[in-house]
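>>> Following is a predicted model, sequence given first.
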There are 2 protein chains.
Amino acid sequence: MEIRRQDIHNSDIPLVCRACEARHGGVCGALTSEQLSELNKHSFRNRLETGAEVIGQGETVVNYSNIMRGVVKLTKVMADGRQQIVGLQFAPDFLGRPFLEESAITAEAATESEVCNFPRHVLDRLVKKTPELEHKLHRQALKELDEARDWMLTLGRKSAQEKVASFLYLIATHIDPESVDTSTFDLPLSRADIADFLGLTIETVSRQFTKLRKENVIRLENNRNVTVPDMDRLMRYAGND
Amino acid sequence: MEIRRQDIHNSDIPLVCRACEARHGGVCGALTSEQLSELNKHSFRNRLETGAEVIGQGETVVNYSNIMRGVVKLTKVMADGRQQIVGLQFAPDFLGRPFLEESAITAEAATESEVCNFPRHVLDRLVKKTPELEHKLHRQALKELDEARDWMLTLGRKSAQEKVASFLYLIATHIDPESVDTSTFDLPLSRADIADFLGLTIETVSRQFTKLRKENVIRLENNRNVTVPDMDRLMRYAGND
DNA sequence: GCCGCCAATTGATTTCGATCAAGTGAAAGC
DNA sequence: GCTTTCACTTGATCGAAATCAATTGGCGGC
């Protein structure tokens, strides 16, 4: 028995949205076809090269985005250049901080990505009128909060080895939610980015990769491609018993 | 010129809520007097001794709360006992994780506190019917997310001295939002709790307190009472230039 | 007043990860 | 084909914070 799609006026949904909406459950799912059409009038998609900045720390927010493809990293920088990645966002996550003029973080593409942008004021107006949309954004905020707090435990209390294992486990479970086999994947981050995510240096990250490889917790096809023969074992290395 | 209170039926508001609502801008502010009455029927207040647990990691959530007075710490524990405080909540914060059966964190009173509890299902029902209430909760979630990400930078990239200074600055700016003079305050956390908040050991926290005292960044009346002669200087020690 | 308790401090030593410094290997440019 | 470049790895040393171990100081109970 199949559950019917709720929206009747399927054909009224903008063409670009139709393909998109089918593929994922982003925030747009909360909108009626009319609202989607309205939003779509003001929205534009673009492709982001690795390293391309979506928004910078301290800048005025003009657009929100939906991640269509790729991984976006959220970073904070200190005045002296020290840097910390405070979040990773995967498709089809919503990207943006509602109700705030100025961004407290930098968002940039960790991999080659594609995003769908809409002007802040258009979405803000839509949120006011659409409780279901605010509910979706609320849920995403809570999800991000849960993830941030999980990561705080990792940053504050785990050893370098546990941190690296935790990172690998995180990627294995997030990179391709569709896939059944999560045991082989490409890392969306460079060693430098991983270091910034884990609060370590590149050298320490590299040494821990080597150590995990020598202990057969992971195999490395090349610098980016990882195979995890035993996911539970990796989880134990991550300290998540 | 004074702005008039919005709610007309002021006298319909439950007595306990009236005193409370006047004092702070918690989530209840989003409710009509009827809703407040309804919620109040099922709510109960209680006093929490220091260390009293509101909810434990992995337990089923039956109540949400509003913090009326005091400070509540949110902690995560690893299987081997390592512990990390992932958030501090001050009055009049809302306490709880909407839309989740099971708590991912432990919440316990850091100081002697007072909370107002309401059954989860009652508030959940109210949220569904009251967009303004969900909006308030959404805003609080985003605030907590911002704070969590700020703290991730502290945990991942700051030195022990910067961490302790950051903690003192956080407390100075949060403990008593009413007060004009934020330069003298009591710490709501023991050294052990501070260590768990900063991802350090008690000994290191203690040494940094001593160091900050010797460098005249702070004065200590006793273990708990702190005076900050120059808040900007403390901020610089915290690495927030 | 003295004891016991607990929180915090202080000191000595160790350890883990940072720093400094080469070295490797793959891809791009000439 | 060779060099250059860039990301990563590996090695040697250093240093900040952890660990181990007393000691201090305040407070409640008797």
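Yes, it's here. Numbers count the residues shown, from 1 in each chain, chains lettered A, B, ... in the order given.
>>> in chain A, which ranges drop under the pLDDT threshold?
A:1-11, A:21-24, A:177 (pLDDT under 70).
>>> beta partners of the spatially most central residue of it?
Nearest to the geometric centre of chain A sits residue A:89, at 0.9 Å (C-alpha atoms, centre = their mean). Beta-bridge pairing for residue A:89 (DSSP bridges): residue A:72.
>>> mind listing what it touches?
A:67, A:71-74, A:95, A:107 (C-beta atoms under 8 Å, 6 or more residues apart in numbering or on different chains). All C-beta spots, glycine's among them, are computed from the backbone N, C-alpha and C.
>>> nearest to residue A:159, of these?
residue A:73 (23.1 Å; C-beta to C-beta).
>>> what residues are up against the closest one?
Taking C-beta under 8 Å, 6+ apart as the test, what residue A:73 contacts is A:85, A:87-89, A:107-110, A:189, A:193, A:197.
>>> Now, of the contacts of residue A:89, which are buried?
A:67, A:71-74, A:95, A:107 (16 or more other C-beta atoms under 10 Å in any protein chain shown).
>>> Would you format the contacts of residue A:73 as CSV with distance to residue A:78 and secondary structure included?
As requested, these are exported to CSV (distance: C-beta to C-beta, whole Å; DSSP: H, G, I helix; E, B strand; the rest coil):
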residue, distance to residue A:78, secondary structure
A:85, 13, strand
A:87, 17, strand
A:88, 20, strand
A:89, 22, strand
A:107, 17, strand
A:108, 17, strand
A:109, 22, strand
A:110, 20, coil
A:189, 20, coil
A:193, 17, helix
A:197, 16, helix
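>>> out of the residues you listed, who has the most neighbours?
residue A:197 (28 neighbours; other C-beta atoms under 10 Å in any protein chain shown).
>>> Show me what the lengthiest helix in chain A is packed against.
Determined from DSSP state H, the single longest helix within chain A is helix A:131-157. For helix A:131-157, the helices and strands in contact under the criterion 3 or more C-beta pairs under 8 Å, 6 or more residues apart in numbering or on different chains; DSSP states H and E are strand A:83-90, strand A:94-95, helix A:120-129, helix A:160-174, strand B:71-77, strand B:83-90, helix B:131-157.
>>> anything in the first one near DNA strand C?
No: Strand A:83-90 lies apart from DNA strand C when judged by C-beta under 7 Å from any atom of the strand; the minimum separation is 11.6 Å.
>>> So the closest residue to DNA strand D within chain A: helix, strand or coil?
Using C-beta to the nearest atom of the strand, the point where chain A gets nearest to DNA strand D is residue A:206, with a distance of 3.0 Å. Secondary structure state of residue A:206, per DSSP: H, G, I helix; E, B strand; the rest coil, is helix.
>>> now the residue nearest to it when sequence neighbours are not counted: how far from residue A:85?
In this structure, residue A:206 finds its nearest non-sequential neighbour in residue A:191, 5.9 Å apart by C-beta to C-beta, 6 or more residues apart in numbering or on different chains. Residue A:191 is 13 Å from residue A:85, where distance means C-beta to C-beta, to the nearest Å.
>>> now swap in residue A:46 and tell me
Relative to residue A:85, and taking C-beta to C-beta, residue A:46 is found at 22 Å.
>>> re earlier: show me which of the contacts of residue A:73 is closest to chain B.
In terms of C-beta to the nearest C-beta, no member of the contacts of residue A:73 lies closer to chain B than residue A:87, at 6.9 Å.
>>> Could you double-check that the closest one sits in contact with residue B:149?
Yes: look at residue A:87 against residue B:149 with C-beta atoms under 8 Å: they come within range, at 6.9 Å.
>>> Are there residues contacting both of these two? Which ones?
Counting by C-beta under 8 Å, 6+ apart, the residues touching both residue A:87 and residue B:149 are A:74, A:105, A:148.
>>> my read: the last one touches residue B:155, true?
Put plainly, it is residue A:148. No: Residue A:148 is beyond contact range of residue B:155, at 10.8 Å (criterion: C-beta under 8 Å).
>>> Which of those two has more residues huddled nearby?
residue B:155 (25 against 22).
>>> Give the full set of residues in contact with the more buried one.
Residue B:155 neighbours (C-beta under 8 Å, 6+ apart): A:152, A:155-156, A:199, B:163, B:198-199.
>>> swap in residue A:161?
By C-beta under 8 Å, 6+ apart, the neighbours of residue A:161 are A:208, A:211-212, A:237.
>>> before we move on, the earlier item: of all the helices and strands packed on helix A:131-157, which one comes closest to residue B:173?
That would be strand B:83-90 among those, by C-beta to C-beta, at 10.4 Å.
>>> quick one: contacts for the residue nearest to residue A:142 when sequence neighbours are not counted?
Leaving out its chain neighbours, the residue that sits closest to residue A:142 by C-beta to C-beta, 6+ apart is residue B:141, at 5.3 Å. Residues near residue B:141 by C-beta under 8 Å, 6+ apart: A:138, A:141-142, A:145.
>>> One more pass at 6 Å, please.
A:141-142, A:145 (C-beta atoms under 6 Å, 6 or more residues apart in numbering or on different chains).
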